[in-house]
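Colleague: model this:
(chains A and B)
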Number of protein chains: 2
Amino acid sequence: MQKKYTARGRIMAPSNRKQALIPQGAKILPNPTGTAPGIIWQPDSDITILTFPGVPSEMHRMWEETAIPYLKNQGWGKTVIYSRILRFWGVAESTLAEKVAPYLSLPNPTVAPYAGKGEVKLRVSAKAENPESAEALIAPIVKQIQDIAGLDYYGADSDNLASVVGELLRQRGETLAVAESCTGGLVGQMLTEISGSSDYFWGGVISYDNRVKQGLLGVNSQDLETLGAVSAAVAEQMAAGVKKSLGTTWGLSITGIAGPSGGSDLKPVGLVYIGVANSQEVISFENRFGTSRGRTFIRHLSACTALDMLRRKLLN
Amino acid sequence: MQKKYTARGRIMAPSNRKQALIPQGAKILPNPTGTAPGIIWQPDSDITILTFPGVPSEMHRMWEETAIPYLKNQGWGKTVIYSRILRFWGVAESTLAEKVAPYLSLPNPTVAPYAGKGEVKLRVSAKAENPESAEALIAPIVKQIQDIAGLDYYGADSDNLASVVGELLRQRGETLAVAESCTGGLVGQMLTEISGSSDYFWGGVISYDNRVKQGLLGVNSQDLETLGAVSAAVAEQMAAGVKKSLGTTWGLSITGIAGPSGGSDLKPVGLVYIGVANSQEVISFENRFGTSRGRTFIRHLSACTALDMLRRKLLN
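Modeller: Numbering: from 1, shown residues only, chains lettered A, B, ... in the order given. This next block holds a predicted model:
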């Protein structure tokens, strides 16, 4: 630890010395990124204790670089567990669980549902002697579940809706522009989180104020007055407008009430219109995400649902 | 639960019925945002069990709205610990820690530094018999630290850079538009995360592709060719262009290389220009956030630093 501090040109505080104290007989579990080391300790022949610092990034690297090889070397983990996460959007967890009910009681691979942030996941997990056998156990089950779920299945593992939509656009050599009102840039942020997204995503307009909807997107001022900014007609004009203004293949728009204020009986919090435009047509979808889910979650659901609507159009 | 499903126009799956089952003698701990309720259960006079669903946002609200009042009412928590988080941007943790060094060894209130996601925080924490006494212990220390930190101090507790900038704009009756390239909508997303932000935030342009920088923001095509999209001149033209196009008091722009690809010796990953325009002047700032910090973190630093630059302009 003294060397680490010297190398960084820093002075080690006396309190850091405590981090270097380890039980007698314990071995150091090295920490390549931080100061506090872990230990590998066998106080008794059938007890092995491994400790790690609490910083997640440090712990992860120590687990992968030292702990796993050590445990494997000690004869642990003769069998491997191999998992795939299947991802679904636009279907309730309980509905999907009922559709794939027979799979949920399989012994190996196992299939378990998870829900989080509006998406539904199924973890398909197999135990076998090596990764290849585990993969072979999983593959047919994954295929069958994908067939049952149809378009509700959107991707697996590290996929997200933005990456899946991006891949579809890339394959077709098409481009996208977004017009965002209540999400304020969230869809653009999700799309550009992916390196290389400039191949298909050109940008868009954050039309938070109605003057921007009129000025930059060409939304009809009469419609804004009579139908309101949160309406199917305005969503469609936003999508068509941003497509035209940027000259892309597709235009995707969102206008809604994220709350907590701004709702009414006729147009409650959670009411969100999504518009999709291409050269053939302009369509819109009405969503009611509920009045009590909170601003952040309604915006997240709006952005993901917009990407999902575009995904379904791209696949049809 | 049946009512909740009916209100949302959905059909409750049989599997959801299980969520409504609670132990005999237990009371419901209501879940205002989700379906699964928690319980408050005293199976024995000296055992109290509270359960919550695993979804963090649901659990948080249930803890704050029902569990805390219940526990206080039961006589828990005779002394209170009251904390304030002071937030700083644009200063290194070690630099701030040295400036406030004498405070870090106080016994009550205690002052402890934290760093996270590019910002530095100081937690000032007092123990007392009631919230008022704790607050009285904390107030003078907070004031002294704010004076020492000057403009590097930006807010406290639930403040963030977007909310602080928004409050300053609101006080001055001024409006803001953003032009985002490498952040792709992140600044707009942060600003609109705050309910009521439509009072000062009008929207903006996501100019991910150079054609959008030219077409919607009026960036000079020669400058894009000779100086490149990631340059002080383009940042300034983006800020001035979005201000003019939307007709706001302020224009704020970001253009940079978020990586991991796209960097060069002359313009490495992490090079980000921020532009700020008002009716008097257009200025820009060069930032080098480092080549190894990853796309997500560079984008986060870019967005926060842009908001911080605007904050400093608004305060000067």
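Colleague: Go ahead and confirm residue A:62 touches residue A:29.
Modeller: Yes. Residue A:62 lies in contact with residue A:29 (C-beta atoms under 8 Å); the separation is 5.9 Å. Just so you know, the C-beta spots here come from the backbone N, C-alpha and C atoms, and that holds for glycine as well.
Colleague: List phi and psi for the residue most central in space within chain A.
Modeller: The residue lying closest to the centre of chain A (C-alpha atoms, centre = their mean) is residue A:160, at 4.8 Å. Dihedral pair for residue A:160: phi -140, psi 170, per degrees, to the nearest 10.
Colleague: what sits against it?
Modeller: Contacts for residue A:160 were tallied using C-beta atoms under 8 Å, 6 or more residues apart in numbering or on different chains; they are A:87, A:190.
Colleague: Can you give the domain ranges for chain A?
Modeller: For chain A, automatic domain parsing gives the domain ranges A:2-73, A:80-156, A:161-315.
Colleague: Please produce a markdown table containing those domains, extended by mean pLDDT, distance to residue B:175 and mean neighbour count.
Modeller: A markdown table is the format used below for those (pLDDT from 0 to 100; distance: least, C-beta to C-beta, whole Å; neighbours: other C-beta atoms under 10 Å in any protein chain shown):
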| stretch | mean pLDDT | distance to residue B:175 | mean neighbour count |
| --- | --- | --- | --- |
| domain A:2-73 | 85 | 40 | 13 |
| domain A:80-156 | 95 | 32 | 16 |
| domain A:161-315 | 97 | 8 | 22 |
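Colleague: a markdown table for those domains, including distance to chain B?
Modeller: A markdown table is the format used below for these (distance: least, C-beta to the nearest C-beta, whole Å):
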| stretch | distance to chain B |
| --- | --- |
| domain A:2-73 | 8 |
| domain A:80-156 | 3 |
| domain A:161-315 | 3 |
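Colleague: So residue A:267 is in contact with residue A:257, correct?
Modeller: Yes. Assessed by C-beta under 8 Å, residue A:267 is found in contact with residue A:257 at 6.1 Å.
Colleague: Identify the contacts common to these two.
Modeller: Once C-beta under 8 Å, 6+ apart is applied, the residues that residue A:267 and residue A:257 both contact turn out to be residue A:230.
Colleague: What does the residue nearest to residue A:29 when sequence neighbours are not counted show for phi and psi?
Modeller: Distances taken as C-beta to C-beta, 6 or more residues apart in numbering or on different chains put residue A:38 closest to residue A:29, at 3.5 Å, once the chain neighbours are dropped. Backbone geometry at residue A:38, expressed as degrees, to the nearest 10, gives phi -100, psi -180.
Colleague: Distance of residue A:38 relative to residue A:32?
Modeller: As judged by C-beta to C-beta, to the nearest Å, residue A:38 and residue A:32 stand 11 Å apart.
Colleague: can you list residues touching both of these two?
Modeller: residue A:62.
Colleague: on contacts alone, who are the packing partners of the helix ranked longest in chain A?
Modeller: Ordering each helix of chain A by length in residues (DSSP state H) puts helix A:295-315 first. Judged by 3 or more C-beta pairs under 8 Å, 6 or more residues apart in numbering or on different chains; DSSP states H and E, helix A:295-315 is in contact with helix A:161-172, helix A:186-192, strand A:250-256, strand A:271-277, strand A:282-288.
Colleague: what comes into contact with stretch A:48-66?
Modeller: A:29-34, A:36-43, A:67, A:70, A:74.
Colleague: Going along the chain, name the helices of the stretch 1-150 of chain A.
Modeller: Remark: helices assigned in the stretch 1-150 of chain A by DSSP state H, counting those that start in this stretch are A:2-7, A:56-62, A:68-73, A:93-99, A:131-149.
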